[in-house]
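**Q** Return a 3D structure for these sequence lines:
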Amino acid sequence: MPKTFFRDASTFRPIAVGYGSCIASDRITVDGTQVGYLYRETPDGPIDSGWRFFSGDESDEYVNNPNNLSLFDVNTIANYDPLIIPCLEAPCGSAFFRSEGKFVYEKFDPPDDA
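**A** I've put the predicted structure just below:
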């Protein structure tokens, strides 16, 4: 079944161009929740930025279902939540969580199977 996205792509502006692709949860792109947690792992390929975006309220079961995640250009997610833009230059191994209206840095240790 096709997904119905929360935002109309025709309204997107070029505010985070050139970062490549990312993975984002449907909680953001379909349900319209804010990004609550983002991390950057080693990219999976030449167009992958390594960025992964979540609302922060997804269960393990939800995240482990690939139907709940999609591939997007980072600019798309920045248009959903522009507060992520200052985080995008962080290196692999970085993570941020939303706290009191801003993102706070934390070190990210990817799982061994990542």
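**Q** Against residue 106, how distant is the nearest residue to residue 69 once chain neighbours are set aside?
**A** Of all residues not flanking residue 69 in the chain, residue 23 sits nearest, at 5.4 Å (Cβ to Cβ, 6 or more residues apart in numbering). Bear in mind the C-beta positions are built from the backbone N, C-alpha and C, glycine included. Using Cβ to Cβ, to the nearest Å, residue 23 is found at 19 Å from residue 106.
**Q** Which one's more surrounded, the two?
**A** For residue 23 versus residue 106, the count of surrounding residues by other Cβ atoms under 10 Å is larger for residue 23: 19 against 11.
**Q** By residue count, which helix of the chain is the longest?
**A** helix 74-80 (DSSP state H).
**Q** Low-confidence bits of this structure, can you list those?
**A** Residues of the chain that meet the criterion pLDDT under 70 lie in 110-114.
**Q** And the helices in this protein?
**A** Counting by DSSP H, the chain has these helices, from start to end: 26-29, 60-63, 74-80.
**Q** Spatially central residue in this protein, please.
**A** residue 53 (2.1 Å; Cα atoms, centre = their mean).
**Q** How many neighbouring residues does the closest residue in space to that one that isn't next to it in sequence have?
**A** Closest residue to residue 53 apart from its sequence neighbours, by Cβ to Cβ, 6+ apart: residue 24 at 4.2 Å. Neighbour count of residue 24, defined by other Cβ under 10 Å: 25.
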